[in-house]
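Peer 1: got a predicted model here, sequence first, then my questions.
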Amino acid sequence: MANHTSTNNLSDKFKYWQRRTIIATMIGYALYYFVRKNLSMAIPGMQEDLGIGKADLGIFLTLHGLIYGVSKFVNGIIGDRVNARHFMVLGLLLSALCNVVFGFSSAVMVLGITWVLNGWFQGMGFPPCARLMTHWVPPQELATKMSVWNTSHSIGAGLVVIVCGYVVSHMTWRWAFFIPSLIAILGAIYLWIMLRDTPSSVGLPELHEDKSQEEKKDEKKSAEFKAFLRKNVFLNPYIWVISIANFFVYVVRYGVLDWGPTILSEWKGVTLAKAGWMVAGFEIAGIIGMLLAGWATDKFFKGKAIRVCFLCMIGVSIFVFIFWKLEHPPVWLASLVLMAAGFFIYGPQALIGIAAANLATNKAAATAGGFTGLFGYASTIVSGWGLGYLAQHFGWDLTFEILFFTSIIGAVTFLFGWKAKAHGYES
């Protein structure tokens, strides 16, 4: 009886820390978006105030994305070895500092360097979350629970465009950097209070490891760990499939997030305040989409997330095509179509990270997440500078034609991973 009571208490304690970790990292990662996706709402004001063209602003977005992708990969490898709590808090504070500097700057060179540095520090956000989720959530529950966690992307991106939409309407574009920075600093303090690293750090057993901390540290320094990374990440064909597909997913997603307010105001004739709400609607629909995608993956597809990604990308293609062909639509219709595209695009956005974490196992989840992110943020060559250049010289119509064909290619890429297993723990 005593042992049974002890086991129940241990289970209750684990569930408490699991919930606490998921909620804290959701809030923390949403706040990373506050000091990353605020730029999109500042773009119209920066164009007018500083005389910067779309192609130049696109270069900001591209360089930021490329550095972010490299950072996510490098920090993914580091993130598998260091304390997730310390790592996540430090990255958020440094991103907030970059935003403060950006808000005070007017010189294009300073703005560019600061935003590139912000890209590097932003790459310190996801790796500790991947590490924490795979240490606190068993693989058979990961798709559902990590889909819930992934709503942090949409919550952060949706809230920041609403907040900054009102800020730039009543103040100047500079306050779109100052106010989110303050919120991020408060969030970093919250994370420091709420987070702990692994179950063993609060006296609980690990999900997949029964080795001592010293043995684990020694193993991660050894050739065995490097061989594990090669096999389960760098030479895993399905990690390559979802990484390449991630490139196309992110072209569409960031095409809307980064240029959405400008597209809606210049091409579809929507006011900037309404555009902020419409982009937020894209994110809100994405929350529903990623939750349903995660649930369907566990419930109907036995954890095989790549199959759900393929079906979602077909949906994305349909609604991107419809939005492209709408000429001067009423706001309600444009909003619904954009929300439908958001509903489908956030399924793959969430499930790619889940698939990578499960295929690579919790030993290399952050590394695998960083590797897929490397491809995802390489997409900013297209979604940042590429779309900015096309819009400036050829208009938004051609831009959306590119987004449509990009979504089709993404769907086809996911097909190559149709036969992938749900996770890599069996081997």
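Peer 2: Cool, the structure landed. Worth saying up front: this structure is predicted, and the values here are computed from it rather than measured. Residues are numbered from 1 along each chain as shown.

Peer 1: His170 is in contact with Gly45, correct?
Peer 2: No. Using Cβ atoms under 8 Å as the test, Gly45 is too far from His170 to be in contact (11.9 Å). Any C-beta I mention is one placed from the backbone N, CA and C, and that applies to glycine too.

Peer 1: who's more crowded, those two?
Peer 2: Gly45 (18 against 9; other Cβ atoms under 10 Å).

Peer 1: so for the residue nearest to the more buried one when sequence neighbours are not counted, what's the pLDDT?
Peer 2: Leaving aside its sequence neighbours, Gly45 sits nearest to Trp173 (Cβ to Cβ, 6 or more residues apart in numbering; 3.1 Å). Per-residue pLDDT puts Trp173 at 90.

Peer 1: how far out from the middle of the chain is the helix or strand harbouring Ser71?
Peer 2: Secondary structure from DSSP states H and E places Ser71 in helix 54-79. Centroid displacement of helix 54-79 relative to its chain, using Cα atoms, centre = their mean, to the nearest Å, is 12 Å.

Peer 1: ok, now which ones touch the residue nearest to Gly45?
Peer 2: Residues near Trp173 by Cβ atoms under 8 Å, 6 or more residues apart in numbering: Met41, Ala42, Pro44, Gly45, Met46, Asp49.

Peer 1: repeat that for 6 Å
Peer 2: For Trp173, the contact set (Cβ atoms under 6 Å, 6 or more residues apart in numbering) comprises Ala42, Gly45, Met46.

Peer 1: would you list those in a markdown table and tack on secondary structure?
Peer 2: Formatted as a markdown table, the contacts of Trp173 follow (DSSP: H, G, I helix; E, B strand; the rest coil):
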| residue | secondary structure |
| --- | --- |
| Ala42 | helix |
| Gly45 | helix |
| Met46 | helix |
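
Peer 1: which one of those residues is nearest Arg196?
Peer 2: Lowest distance from Arg196 to the contacts of Trp173 (Cβ to Cβ) belongs to Ala42, with 35.9 Å.

Peer 1: hmm, who's touching stretch 253-272?
Peer 2: With Cβ under 6 Å, 6+ apart, stretch 253-272 has contacts from 37, 40-41, 43, 61, 275, 278-279, 282, 334, 345, 349, 383, 387, 396, 403.

Peer 1: if you count neighbours, what's buried in that stretch?
Peer 2: Within stretch 253-272, the residues that count as buried by 16 or more other Cβ atoms under 10 Å are 253-268, 270, 272.

Peer 1: just these: which are in helices?
Peer 2: 253-266, 272 (DSSP state H).

Peer 1: which one among those residues gets closest to Thr372?
Peer 2: Using Cβ to Cβ, Arg253 is the member of these that lies nearest Thr372, at 13.6 Å.

Peer 1: in terms of pLDDT, where does the closest one sit?
Peer 2: 89.

Peer 1: so which residue is dead centre in the protein?
Peer 2: His153 (5.5 Å; Cα atoms, centre = their mean).

Peer 1: state the helix or strand in which that one lies.
Peer 2: His153 belongs to helix 139-170 when assigned by DSSP H and E.

Peer 1: do the same with Ser407
Peer 2: Counting by DSSP H and E, Ser407 is part of helix 396-415.

Peer 1: other SSEs contacting that helix?
Peer 2: Judged by 3 or more Cβ pairs under 6 Å, 6 or more residues apart in numbering; DSSP states H and E, the packing partners of helix 396-415 are helix 237-266, helix 305-325, helix 387-394.

Peer 1: list the buried residues of that helix.
Peer 2: Quick answer for helix 396-415 (16+ other Cβ under 10 Å): 396, 399-404, 406-408, 410-411, 413-414.
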